[in-house]
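*Asks:* sequence first, predicted coordinates after that:
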Amino acid sequence: MFKNQPTRGFNFFRTVKKLFVSAFMVFTFIAYALHERLISGDGGNLAAAPMPSAATSQQAIPSLQVAPTDSPFVFPIPEATPTAPRPAAPTPTAIARGQYKDGTYTGAVVDAFFGPVQVKAVVRNGKLADVQFVQYPNDRRTSVRINGIAMPYLTSEAIQAQSANVDIITGATLTSEAFAQSLQVALNAARTI
């Protein structure tokens, strides 16, 4: 054997280093868990988050206003060239306005990966008057934040379109698709045809 070869015995500093790293990881996990519990405000139960409806969704959508600038870097916008109109995409609902039976109709529960989505359509005077979320992903802080932004847009767009044909919201793709599917089931039940 060689003289300078290290022996494989007990190494005090290596053991202390492992204990320190392990204790740090446990402390970090506990701190994160306490942070999440305190941030949610209700002891970790995020299911009590408020659900926006059409009444609140009109106020929640910010308007985009562009202020004029005196910037020397203003470039002219080229004139748009006329193009052939695109054929209309098939819509999930081809019902003319005012052809729904008055009442409240609950859609199907649709799995949106992070949780179920279910909506309730309120029809007054033959038109879609309100869309309310019965269920939506709200067990994670990120889901609550994303859906708090997406749900008012989806609701107001469905009311404006009078159908389940809504645009997919970037960042809330799964919720948007589940919303459209659930609303389509509710509107199919409300058809007068």
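*Replies:* Perfect, thanks for sending it.

*Asks:* show me the strands in this protein, by range?
*Replies:* Ranges of strands in the chain, per DSSP state E, are 103-106, 110-111, 116-124, 127-135.

*Asks:* shaky segments in this structure?
*Replies:* By pLDDT under 70, the low-scoring segments of the chain are 1-9, 39-98, 192-193.

*Asks:* domains of it?
*Replies:* Following automatic domain parsing, one gets these domains for the chain: 12-44, 48-58+97-190.

*Asks:* make CSV out of the ones you listed and add mean neighbour count.
*Replies:* All C-beta atoms are positioned from the backbone trio N, CA, C, and that covers glycine. CSV is the format used below for the domains of the chain (neighbours: other CB atoms under 10 Å):
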stretch, mean neighbour count
domain 12-44, 10
domain 48-58+97-190, 18
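
*Asks:* related to what we said a few turns ago, in TSV: the strands of the chain, plus distance to residue 38.
*Replies:* Formatted as TSV, those follow (distance: least, CB to CB, whole Å):
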stretch	distance to residue 38
strand 103-106	35
strand 110-111	31
strand 116-124	27
strand 127-135	26
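
*Asks:* mind naming the longest helix for the chain?
*Replies:* In the chain, assigned by DSSP state H, the helix with the most residues is helix 12-40.

*Asks:* tell me the helices and strands packed up against it.
*Replies:* helix 141-161 (3 or more CB pairs under 8 Å, 6 or more residues apart in numbering; DSSP states H and E).

*Asks:* what packs against the helix it packs on?
*Replies:* helix 12-40, helix 54-60, strand 127-135, helix 173-190.

*Asks:* redo that, cut-off 7 Å
*Replies:* Other elements packing on helix 141-161 under the criterion 3 or more CB pairs under 7 Å, 6 or more residues apart in numbering; DSSP states H and E are helix 54-60, strand 127-135, helix 173-190.
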